[in-house]
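Q: Below are the sequence and a predicted model for it; my questions follow.
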Amino acid sequence: MEYLRWRFGRVHEAAQQAALRADSADPDGVWAHLSSKVFSALLLRERALPTGSDDHGRLSRAEVFVERGDLAQAVRELEGLSAPAARAVKGWMRQARDRLVLEQSIRMLQAEALLLMESFQETAADQIAPNL
């Protein structure tokens, strides 16, 4: 999880820059690239849960969710990004989804192990009881 938090910081910046470039008249131009780097560095990051359905709002909310350890909510937010910003977070999203699947699998295995232990204990108690 720590790696995903660390990596999200880098991905967040790249996605902010991509979103800013997409908002410019010439997204592939030199000015768009330079201004997106400058403006993304100047954007204030909100620590409360930001509002807005644009890429900047979604990225800010996802950042809050990642810091809280809520990968599922972060992924849901990032799924609504526009194409340029979505491309910037694609690899992180794949890793986050893999992590969520792994965590779900672990929970299922733990639940199955508990059920087996309970069943085993009941069987053992039934075998011991007649001998008493």
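A: Received it, and whenever you're ready, just let me know what you need.

Q: Quick one: the helices in the chain, in order.
A: 2-23, 30-42, 55-68, 71-78, 83-128 (DSSP state H).

Q: Mean neighbour count for these - can I get that in TSV?
A: C-beta here means a position set from N, CA and C on the backbone, and glycine is covered the same way. Shown next, in TSV, are the helices of the chain (neighbours: other C-beta atoms under 10 Å):
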stretch	mean neighbour count
helix 2-23	18
helix 30-42	14
helix 55-68	21
helix 71-78	20
helix 83-128	12
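
Q: Leu49: which of those helices is closest?
A: Relative to Leu49, the nearest member of the helices of the chain by C-beta to C-beta is helix 55-68, separated by 5.6 Å.

Q: so how far is the closest one from its chain's centroid?
A: Centroid separation for helix 55-68 versus its chain: 9 Å, with C-alpha atoms, centre = their mean, to the nearest Å.

Q: What angle do helix 2-23 and it make with each other?
A: For helix 55-68 against helix 2-23, the angle by axes from the mean of the first three to the mean of the last three C-alpha atoms, to 10 degrees is 170 degrees.

Q: Which neighbouring elements make contact with helix 55-68?
A: Counting contacts by 3 or more C-beta pairs under 8 Å, 6 or more residues apart in numbering; DSSP states H and E, helix 55-68 packs against helix 2-23, helix 71-78, helix 83-128.
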